[in-house]
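> Predicted model and sequence follow; I will ask about them next.
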Amino acid sequence: MSFESIISFLGSDAEMDATLPAAISLANIYEAHLSACMLGVDMTPAGGFYMGASPILLQETLERAQSDAEILEAAARRMLDGQALRWAAESAVVQFGGLQALVGLRARFSDLVVQSKPYGENSQPTQEAVIESALFEGQAAVLVLPDSKLHENFGQRVVVAWNQSNEALSAVRRALPLLKAAEHVSVVVVDPPVHSPERSDPGGLLTQMLARHGVRAEVAVLAKTMPRVSDVLMRHVEDVDASVLVMGAYGHSRLREAILGGATRNVLENAQRAVFLAH
């Protein structure tokens, strides 16, 4: 089991510069095929033009999005050309309301989606939408990069956030190629419930499953000494100098469209290391 197919969705020069070099490094590490999908997004809301407005206005916004995507694709091809890996680059034009379907379809057939941090001073609305669509619509694993470059020893030390949920287990299963290659895996349980099925051995069943996959993991049971569980997790990641946090992605429905829940959003807003998510 490995990450054989990696994809990134990129909508700006800044996002490409922050994401594509790391995606190339990961594709080299796992000897994976890398796809770069350059997005031209028409941000005009549905029904954004008044009744009777000229269709030329709509055509102009679509043509501008097409031009932006093609310019990005050319830049991506220049960056990828000469790399010793299998790669493909394409441009795609879509209205913002159709982003979920486009990303979901492509992410569904990839082993890993690599994206830059969706929150920050220069972030765009499309970045959060892409991650949400990949996770919930595409049911894909997503690696969210930190603001800085990937840790120089990426993947050697990994922290797994464990709370017995289906989402956390899904993230662990999707992250197995990463976990099997790691030198140190720490399974973190924060304030395990007194009446949980694992109350006598928190994380024990998970580490047993991992051991059968050749992953040697140790359990760290931590008290919630900070306001949020996510804060405790991120502090532990820093304490053990881990390069990536593996955790389940949680969300809720807004008009039948899954969006990132508060805990997941808080981690993505504040994490200084890479975050591996699956729903």
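Great, that's in hand.
> In the stretch 151-279 of the chain, mark out all the strands, start to finish.
157-161, 184-190, 217-222, 244-248, 251-254, 257-260, 274-278 (DSSP state E, counting those that start in this stretch).
> Among these, which comes closest to Met43?
strand 257-260 (17.1 Å; CB to CB). Yep, even glycine has a C-beta here, placed from its N, CA and C like the rest.
> just checking, what packs against that closest one?
In terms of contacts (3 or more CB pairs under 8 Å, 6 or more residues apart in numbering; DSSP states H and E), strand 257-260 is packed against helix 125-132, strand 251-254.
> Could I get the average pLDDT for it?
Taken as a whole, strand 257-260 carries a mean pLDDT of 74.
> again with stretch 207-216
Mean pLDDT, stretch 207-216: 97.
> OK, contacts around the residue most central in space within the chain?
Centroid-nearest residue in the chain, with CA atoms, centre = their mean: Val142, separated by 2.7 Å. Going by CB atoms under 8 Å, 6 or more residues apart in numbering, Val142 touches 112-115, 131, 134-135, 249, 276-278.
> hmm, which two among those are most spread apart?
Counting by CB to CB, the most remote pair of the contacts of Val142 is Val114 and Ala249, 15.0 Å apart.
> Rebuild the strands of the stretch 151-279 of the chain as a markdown table, extending it with distance to Arg64.
Listed next are the strands of the stretch 151-279 of the chain as a markdown table, based on distance: least, CB to CB, whole Å:
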| stretch | distance to Arg64 |
| --- | --- |
| strand 157-161 | 41 |
| strand 184-190 | 46 |
| strand 217-222 | 50 |
| strand 244-248 | 37 |
| strand 251-254 | 29 |
| strand 257-260 | 26 |
| strand 274-278 | 32 |
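> Could you export these as TSV, including mean neighbour count and distance to Arg199?
As requested, the strands of the stretch 151-279 of the chain are exported to TSV (neighbours: other CB atoms under 10 Å; distance: least, CB to CB, whole Å):
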stretch	mean neighbour count	distance to Arg199
strand 157-161	26	18
strand 184-190	22	11
strand 217-222	16	11
strand 244-248	26	20
strand 251-254	12	28
strand 257-260	17	30
strand 274-278	25	26
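> So for Asp201, which of the ones you listed sits nearest?
Of all the strands of the stretch 151-279 of the chain, it is strand 217-222 that lies closest to Asp201, at 8.5 Å by CB to CB.
> Partner strands of the closest one and their direction?
strand 184-190 (parallel) (DSSP bridges).
> Out of the strands of the stretch 151-279 of the chain, the one nearest Val229 is which?
Closest approach to Val229 among the strands of the stretch 151-279 of the chain is made by strand 184-190 (4.9 Å; CB to CB).
> who's in contact with the closest one?
156-163, 179, 202-203, 206-207, 210, 215-224, 229, 232-233, 236, 240, 242.
> tilt between it and strand 157-161?
On the basis of axes from the mean of the first three to the mean of the last three CA atoms, to 10 degrees, strand 184-190 is oriented at 20 degrees to strand 157-161.
> what separates strand 184-190 from the chain centre, distance-wise?
How far strand 184-190 lies from its chain's middle: 20 Å, per CA atoms, centre = their mean, to the nearest Å.
> cool, and stretch 79-94?
Distance of stretch 79-94 from the chain centroid (CA atoms, centre = their mean) equals 19 Å.
> buried set for it?
For stretch 79-94, the neighbour count (16 or more other CB atoms under 10 Å) marks 79-80, 87, 89, 91-94 as buried.
> May I have that stretch as PDB, with CA atoms only?
Output of stretch 79-94 as PDB, limited to C-alpha atoms (Å, rounded to 0.1, in the frame of the first residue of the first chain):
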ATOM      1  CA  MET A  79       8.200  23.900 -12.800                       C
ATOM      2  CA  LEU A  80       7.500  20.300 -13.500                       C
ATOM      3  CA  ASP A  81       9.500  20.000 -16.700                       C
ATOM      4  CA  GLY A  82      12.600  18.000 -16.200                       C
ATOM      5  CA  GLN A  83      11.500  16.500 -12.900                       C
ATOM      6  CA  ALA A  84      12.300  12.800 -12.600                       C
ATOM      7  CA  LEU A  85       8.700  11.800 -11.900                       C
ATOM      8  CA  ARG A  86       5.500  11.000 -13.700                       C
ATOM      9  CA  TRP A  87       3.300  14.100 -13.900                       C
ATOM     10  CA  ALA A  88       0.400  15.800 -15.600                       C
ATOM     11  CA  ALA A  89      -0.800  19.300 -15.600                       C
ATOM     12  CA  GLU A  90      -4.200  20.600 -16.700                       C
ATOM     13  CA  SER A  91      -6.300  23.700 -16.500                       C
ATOM     14  CA  ALA A  92     -10.000  23.700 -15.500                       C
ATOM     15  CA  VAL A  93     -12.500  26.500 -15.500                       C
ATOM     16  CA  VAL A  94     -15.500  26.400 -13.100                       C
END
